[in-house]
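# pasting the sequence and the predicted coordinates here, then a few questions.
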Amino acid sequence: MKPIQLLSFDLDEYRECRSQFSTDEWIDLLIRSIGLEPSHFDRRLKLLFLVRPIPLCEQNYNLVELGPRGTGKSYAYQELSPYAILLTGSTTVANLFYNMATRRMGLIDLWDAVAFDEVADLQKMPKEVVTTLKTYCESGTFARGKEALSGSASMAMFGNTNQPVEVMVRSSHLFVPMPDVIREDMAFLDRIHFYIPGWEVPKMRIEFFTDRYGFVVDYLAEALRELRRHNFTELVDRYFSLDSHLNARDVKAVRKTGAGLVKLIHPSGEVAKEELAELLELAIEGRRRVKEQLQKMGSFEYHQTSFSYIDIESREERYVGVPEAGGRDLLSTDPLAPGSVYVSSVDEQGKVGVYRLEVGCAVGTGKLKVAGGIDSTMKESIQPWLPLSSSAVMEGRFL
């Protein structure tokens, strides 16, 4: 007879064995346990791979990954743990949460993580499911009939993008692959703790799969489940504080992502300041990606997206951006044409705007014409000096 499941798991032994590895060696071991050969990937991509199993070791964690097909988005929930379930279609409140007819809990009580594959197929999912899921993703509680119930299962959503990320960033937003029933509810999207940039993950090729040793899947699954019982969300306070632009949900998301990465890479909870800063920056980036898209979708209440963290000891503040935003190339380094200038402004709510003003003069009566997509307040504030014998056309473009 061959055992198919561990009888018991010793977390202290697991932590002791971890101490015999360097951080890089341990990360490579985890990547090989997932089935991939780490020598093909850089440090950032390895950490993105490790974000995928965070719902397996962190309770009530909400994850989204949207990217090209064939990048292994749902692999961890099919093969890595027997405590996760992957749904490939829409579901009902009774199946997912609680069946009032049979008085039985649904999937959130049976599994540590519930994943939705091909989110585009959830278009026909009842609105009631999204409403209940929205409440659950916020606090881990929900109401059905007269019952107030709770669960600890994490949620993950995976979907495929049909356009290059550059097109989505310029023409719309990164939640476009989501079905309307989810995308139209911005309050639900605000519950997402981390958005994995799936477009950075290469399509899986044969040479990416490893033939070297890693953890047995059952053993790693037991380790992740045991770590769910521990809380590492306060570790960030040892060395850092978060900026005021992060509201309560932002702070919660960053803390939970940081805690999940520490559980995976430093299961004892002992992590150096420099390594914690690296994990914290990734956690902030994943949450900021969510807020940036909510801002693009037109809601003013999400305008504060300049996320940063502060070193408690040195008081140095470090801002964290998202790579796909392309902020470094927003202003061209080429010399401007005569009559052109870049300007910036900050309104009463702290919203920053960057503009390029272009002025052209022509023979006329001295009348000023303002063209371009600028509002009335800015038009009224423009009072340039013009010769009486000329006219000018000023065009403002919001960058």
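Nice, I can see it.
# ok, the closest residue to F194 other than its chain neighbours to Q304 distance?
Closest residue to F194 apart from its sequence neighbours, by C-beta to C-beta, 6 or more residues apart in numbering: G286 at 3.6 Å. Placement of C-beta: from N, CA and C, glycine included. Computed as C-beta to C-beta, to the nearest Å, the G286 to Q304 distance reads 17 Å.
# what's around E166, how many residues?
Look at E166: counted by other C-beta atoms under 10 Å, it has 11 neighbours.
# next, it: phi, psi?
Per-residue torsions, E166: phi -60, psi -40 (degrees, to the nearest 10).
# ok, it to L80 distance?
The value you get for E166 to L80, if C-beta to C-beta is used, is 32 Å.
# check A120 too.
Counting by C-beta to C-beta, the gap from A120 to L80 is 24 Å.
# just K127 next, same as before
Taking C-beta to C-beta, one finds K127 at 32 Å from L80.
# okay, these two: which has more neighbours?
Taking neighbours as other C-beta under 10 Å, K127 and L80 compare with L80 leading, 19 against 10.
# before we move on, back to that, ok, G286 and Q304, which is more surrounded?
G286 (24 against 17).
# give the contact list for the more buried one.
Applying C-beta atoms under 8 Å, 6 or more residues apart in numbering, we find G286 in contact with 51, 193-196, 253, 257.
# hmm, try it at 10 Å
48, 51, 63-64, 192-197, 253-254, 257, 320, 322 (C-beta atoms under 10 Å, 6 or more residues apart in numbering).
# out of those residues, who's nearest F209?
The shortest approach to F209 among these belongs to L48, at 17.6 Å (C-beta to C-beta).
# give me the pLDDT for the closest one.
Predicted confidence (pLDDT) for L48: 97.
# what's it sitting at in phi/psi?
According to degrees, to the nearest 10, L48 has phi -60, psi -40.
# leaving out sequence neighbours, find the closest residue to it.
I196 (6.0 Å).
# burial count for the one you found?
23.
# that one: what secondary structure?
Here I196 is recorded as strand under DSSP: H, G, I helix; E, B strand; the rest coil.
# so what's it up against?
48-49, 51-52, 54, 63-67, 71, 73, 156, 158, 286, 289.
# also R44?
197, 200, 278, 282, 323.
# tell me the pLDDT at the closest residue to K296 other than its chain neighbours?
For K296, ignoring the flanking residues on the chain, the nearest one in space by C-beta to C-beta, 6+ apart is H173 at 4.3 Å. If you check H173, the pLDDT there is 90.
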